[in-house]
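Chemist: Got a sequence here, can you build the structure:
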Amino acid sequence: MTHTWLLGIMAVFFIFNGLSQPAWSQESKPGDAPEQDDGPPGSMVLIPEGDFLMGDNDGSRNERPEHSVWLDAYSIDRYEVTMAEYQKLLDTDYSIEPPPLWDDGIATGEFGIRPAVGISWNDAKRYCQWVEKRLPTEAEWEKAARGTDGRRYPWGHMQPFVDIANYNQGTTGWVSYKLTLSPVTSGTRGMSIRHGLKQGGKSAYGLYNMAGNAAEWVDDWYDRFYYEESPKKNPQGPAEGDYKVLRGGSWEDQPVNLRVTARSKGEVDFQDLTTGFRCAKDAK
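Modeler: Sure, this is the predicted structure:
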């Protein structure tokens, strides 16, 4: 009798504990469902005019020196361009080859909210023009990710962790669009609340996945020493070059490459399952 009574008490305890278990304890990485009502993919955020600190004196050679930059007001996509959005262009323009391993079924289905990756710089620019936008400049991208307080990551100075950023899966981490990538709306729940980050992994201006998930093309040509001569107002990058700039790091990268000042590069026709993009446009 006593044994049966104890089993009953334990069963009630575990049922109650399971029902009261917080959502963050059930997540190992950003989930599939939209986590924040900040508008649908394609929504834009207005970044006000003004100064911000660009670069990092303690970073790689191509991030130095730190310098103050003034930007006119502009708008930039809140989310990375999704598979579903990019599929619309593919359905319209058959001259564009789908990215590597592209799956139309996933792109138009429930997993279409993941970022479009494997996109070349040329095709990213083509998409932005198709939706009457443009690629952001490198300075615009960094201000949108960093804000004006000189933070190290989009969410602040704290090192990344798995429920606010999709990163550190390594060169062998690719499984599929569904399993390797996180939804563009992810990164605002879970342990971020326990760590005091009420906005999760969002940037100072409320942009999602500016670190990890997909590395993002910007408009500028790459020059390792460009910051030494960059204009202080609305820099557009070098007039020419061999590579275009990639920002933000991806699902493959370690934390050092997720910093808001980290810079990498690729040729204009380079396609890789780590590379995606978001669009911008002039405020006026």
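Chemist: any idea where the helices of the stretch 51-200 of the chain begin and end?
Modeler: Secondary structure of the stretch 51-200 of the chain by DSSP state H, counting those that start in this stretch: the helices cover 83-92, 104-107, 121-130, 138-146, 177-180, 191-194.
Chemist: can you put these in TSV and add mean pLDDT?
Modeler: What follows is the helices of the stretch 51-200 of the chain, written out as TSV (pLDDT from 0 to 100):
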stretch	mean pLDDT
helix 83-92	97
helix 104-107	90
helix 121-130	98
helix 138-146	98
helix 177-180	94
helix 191-194	60
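Chemist: do you know which of those lies nearest S60?
Modeler: S60 lies closest to helix 138-146 among these, at 14.3 Å (C-beta to C-beta). Quick note: C-beta positions are derived from backbone N, CA and C, even for glycine.
Chemist: Can you get me the centre-to-centre distance for that closest one and its chain?
Modeler: For helix 138-146, the separation from the chain centroid amounts to 12 Å (computed by C-alpha atoms, centre = their mean, to the nearest Å).
Chemist: Which other helices and strands does that helix contact?
Modeler: Using 3 or more C-beta pairs under 8 Å, 6 or more residues apart in numbering; DSSP states H and E, the elements in contact with helix 138-146 are strand 44-47, strand 50-54, strand 67-71, strand 74-77, strand 215-221, strand 244-247.
Chemist: In this structure V184 contacts G212, no?
Modeler: No: using C-beta atoms under 8 Å, V184 is not in contact with G212, being 11.5 Å away.
Chemist: picking that back up, for the helices of the stretch 51-200 of the chain, which one sits closest to K244?
Modeler: Taking these one by one with C-beta to C-beta, helix 121-130 is closest: 4.5 Å.
Chemist: For that closest one, which helices and strands make contact with it?
Modeler: Helix 121-130 is packed against helix 83-92, strand 215-221, with contacts defined by 3+ C-beta pairs under 8 Å, 6+ apart.
Chemist: how distant is the shortest one from the center of its chain?
Modeler: Strand 215-221 has its C-alpha centroid displaced from the chain centroid by 13 Å (C-alpha atoms, centre = their mean).
Chemist: Now it: buried residues?
Modeler: Buried residues in strand 215-221, counting neighbours by 16 or more other C-beta atoms under 10 Å, are found at 215-221.
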